[in-house]
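[1] Sequence first, predicted coordinates after that:
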Amino acid sequence: MTFIKEFKRFLAQGNVINLAVAVIIGAAFGSIVSSLVDDIITPLLLTPALHAANVNEIASLSWGAVKYGSFLSAVIKFVIISIILFALIKTMKTFLKNEPETTAELSISEKALIEIRDLLKSKN
């Protein structure tokens, strides 16, 4: 068996593809959560606390700015990564579908079940 056929069979199992998609989507979603916490929630929570403690110089320097642009950038990156993954998986499934399936020798009971199935289909 050639290397390419073995590689196609390995990819066609689905576990590899599912794991890769999960890791990539998880990392992209992690950046959204980090941006949400770092750029939006933390400034919104700390700015009033720092002002109440009369630490105006610190509050005005770094914690006072809510960075909606950074969060929006993380969301857009996530959407782009999701679209690219969708296109890649769709192309890969088409590529793997073109591979002719190798049929293993069926047992006697499997052949009998196939005949029964075909007879039932013909009756309906």
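    Good, I have the coordinates. Keep in mind that this is a model prediction, so the values were computed, not measured.

[2] Mind giving me the packing neighbours of the longest helix along the chain?
    In the chain, assigned by DSSP state H, the helix with the most residues is helix 68-97. With contacts taken as 3 or more C-beta pairs under 8 Å, 6 or more residues apart in numbering; DSSP states H and E, helix 68-97 sits against helix 3-12, helix 15-35. C-beta: built from backbone N, CA, C; applies to glycine.

[3] can you tell me which of these the model trusts least?
    Across those, helix 3-12 has the smallest mean pLDDT, namely a mean of 78.

[4] how about that helix: buried residues?
    By 16 or more other C-beta atoms under 10 Å, the buried positions in helix 3-12 come out as 11, 12.

[5] Give me the neighbour count for residue 42.
    A count of nearby residues for residue 42, using other C-beta atoms under 10 Å, gives 13.

[6] Go through stretch 75-85 and flag the buried ones.
    Of the residues in stretch 75-85, those buried (16+ other C-beta under 10 Å) are 78, 81, 85.

[7] Can you add distance to residue 16 and pLDDT and give these back as TSV?
    What follows is the buried residues of stretch 75-85, written out as TSV (distance: C-beta to C-beta, whole Å; pLDDT from 0 to 100):
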residue	distance to residue 16	pLDDT
78	22	93
81	18	92
85	14	89
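
[8] Averaging pLDDT per element, find the lowest-scoring helix or strand in the chain.
    helix 56-58 (a mean of 56; mean pLDDT, DSSP states H and E).

[9] For the buried residues of stretch 75-85, please prepare TSV with the additional fields distance to residue 30.
    What follows is those, written out as TSV (distance: C-beta to C-beta, whole Å):
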residue	distance to residue 30
78	10
81	12
85	15
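
[10] And those, which is closest to residue 14?
    Residue 14 lies nearest to residue 85 out of those, by C-beta to C-beta, at 14.8 Å.

[11] my guess is the closest one meets residue 27, correct?
    No: between residue 85 and residue 27 there is no contact under C-beta atoms under 8 Å: 11.5 Å.

[12] before we move on, back to that, which residues are in contact with the following helix or strand past the longest helix of the chain?
    Counting by DSSP states H and E, the next helix or strand C-terminal to helix 68-97 is helix 108-123. Contact with helix 108-123 is made by residue 106, as judged by C-beta atoms under 8 Å, 6 or more residues apart in numbering.
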